[in-house]
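Peer 1: Structure for this input, please:
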Amino acid sequence: METKPALESKLVKEFVGVAHTDLARTKELLAQEPGMVNATWDWGGGDFETALGAAAHMGRRDIALYLLEHGARFDVFAAAMLGQLEAVQAALSIHPALRNTRGAHGLTLLHHARQGGAEAQAVVEYFQREGIQ
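Peer 2: Numbering: from 1, shown residues only. Next up, the predicted model:
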């Protein structure tokens, strides 16, 4: 297997940073370096974040869907924000400990679902019934 050089850390930090709020710049940077779609930035102290994680905790459905369309690794936090109740329930039934797992910046699954707005309301209600933060 061919080993590729590491991505430029400054570029990764910018990519993850803009994925919080800026779809246009996210698209530009991903076009510039498609391999960055799953890059992770270390904010320190074990706080790792991908662009998808950034979009998910900010409720940026547009950015999250764009990243998923371009190969981002799907996770339970994105599923919660996107309102994908069946995916969330499946993940939690297979790995019940996920209910206590925190995403980037220590944010809970419930936070991610709330950021999804009306489209994620069923997930919010499910979490509340189940006592999931």
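
Peer 1: Enumerate every residue touching the residue nearest the centre of the chain.
Peer 2: Against the mean C-alpha coordinate of the chain, by Cα atoms, centre = their mean, the closest residue is Gly53 at 2.3 Å. By Cβ atoms under 8 Å, 6 or more residues apart in numbering, the residues touching Gly53 are 16, 75, 77-78, 103-104. To be clear about C-beta, it is placed using only N, CA and C from the backbone, and glycine gets the same treatment.

Peer 1: how about a cut-off of 10 Å?
Peer 2: When contacts are counted by Cβ atoms under 10 Å, 6 or more residues apart in numbering, Gly53 touches 16, 19-20, 40-41, 64, 67, 72-73, 75, 77-78, 81, 103-105, 107, 112.

Peer 1: Tell me which of those residues fall in helices.
Peer 2: Using DSSP state H, the subset of the contacts of Gly53 located in helices is 16, 64, 67, 77-78, 81, 112.

Peer 1: Can you tell me the number of residues neighbouring Leu82?
Peer 2: Using other Cβ atoms under 10 Å, Leu82 has 24 neighbouring residues.

Peer 1: which secondary structure elements does the host helix or strand of Leu92 contact?
Peer 2: Secondary structure assignment for Leu92, by DSSP states H and E: helix 85-94. Other helices and strands packing on helix 85-94, by 3 or more Cβ pairs under 10 Å, 6 or more residues apart in numbering; DSSP states H and E, are helix 76-82, helix 109-115, helix 121-130.

Peer 1: most packed of these?
Peer 2: Mean neighbour count (mean count of other Cβ atoms under 10 Å) peaks for helix 76-82 among the helices and strands packed on helix 85-94, with a mean of 27.

Peer 1: quick one on the thing from earlier: out of the helices and strands packed on helix 85-94, the one nearest Leu98 is which?
Peer 2: helix 76-82 (5.7 Å; Cβ to Cβ).

Peer 1: so for the closest one, what's the average pLDDT?
Peer 2: Mean pLDDT, computed over helix 76-82, is 98.
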